[in-house]
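Enquirer: Got a predicted structure here, sequence first:
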Amino acid sequence: MRSAYAALEDLILTAIEKRSASEFKAVRAAVYPTYCRATLALPQLVRVIVPPHVIERLNREFLCELESDLREHGLAFFGGAVRDQAMFTAWTLRKIIDLTTQIPDTATVDQAQLPALADITAEFVQNAIWMRFHLHCLVSSMRSNKAIFPEPLELILDGLRSAVNAYGLARRALDLLVPQAPGNIEPQEWDDEDVALLAEATRDMSMEIVEEWR
């Protein structure tokens, strides 16, 4: 697992050292397929070795450390816009984890809905790994003390926005796997978190929400 993670880290470091958007895009296109395969394979190995409750704890500890690093170093490394987006991404990941933990181990789906579930799952994985790649860039930048140049940083900022798509797809998958009985469905008011996700999806977030994440 250490070797696999070191290989992923090498791919990321190769990308974040580029100066221009075109160079970053070229390297990203070259390394992303390998990064994607490794990202899909590594969790399978982890699940064989590590108990589920430990994986959940490690995920939450990672998010806590990430938020702490972003608060302490994010502004100096990336500027306010990227720091705020990264904080929002970490918050959205927490929401995704909350959704996935609501799916029971024995969840079933109607056979007629299997194609839709497969499509949702595939799209979720695509968005989640795309987001992870760009978040990994920020994490590696802070931990290796290597600044990212402005043009690649703009591309990374855009890549982080895939977290919102991943959240929406996770919600759709949960609704398929754990549907509510028709008689139990009640109108729900939007809370502050729902408003924040909608605002990010339209890329028109209010300053009040940004200040809250700070």
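Expert: Done, it's in. All figures in this text were calculated on a predicted structure; none of them were measured in a lab.

Enquirer: burial count for Pro52?
Expert: By the measure other Cβ atoms under 10 Å, the count of residues near Pro52 is 10. From N, CA and C alone the C-beta is placed, and that goes for glycine too.

Enquirer: Surely Val109 is in contact with Val178?
Expert: No: at 9.6 Å, Val109 does not count as touching Val178 under the criterion of Cβ atoms under 8 Å.

Enquirer: Averaging pLDDT per element, find the lowest-scoring helix or strand in this structure.
Expert: Of all helical and strand segments in the chain, the minimum by mean pLDDT, DSSP states H and E falls on helix 207-213, at a mean of 39.

Enquirer: helix or strand right after the biggest helix by length in the chain?
Expert: Counting residues, the longest helix found in the chain (DSSP state H) is helix 114-144. Past helix 114-144, heading to the C-terminal end, the next element that is a helix or strand (DSSP states H and E) is helix 150-160.

Enquirer: any idea of the angle that following helix forms with helix 114-144?
Expert: Put simply, helix 150-160 runs at 140 degrees to helix 114-144, going by axes from the mean of the first three to the mean of the last three Cα atoms, to 10 degrees.

Enquirer: List the buried residues for helix 150-160?
Expert: Residues of helix 150-160 classed as buried: 151-153, 155-157, 159-160 (neighbour count, 16 or more other Cβ atoms under 10 Å).
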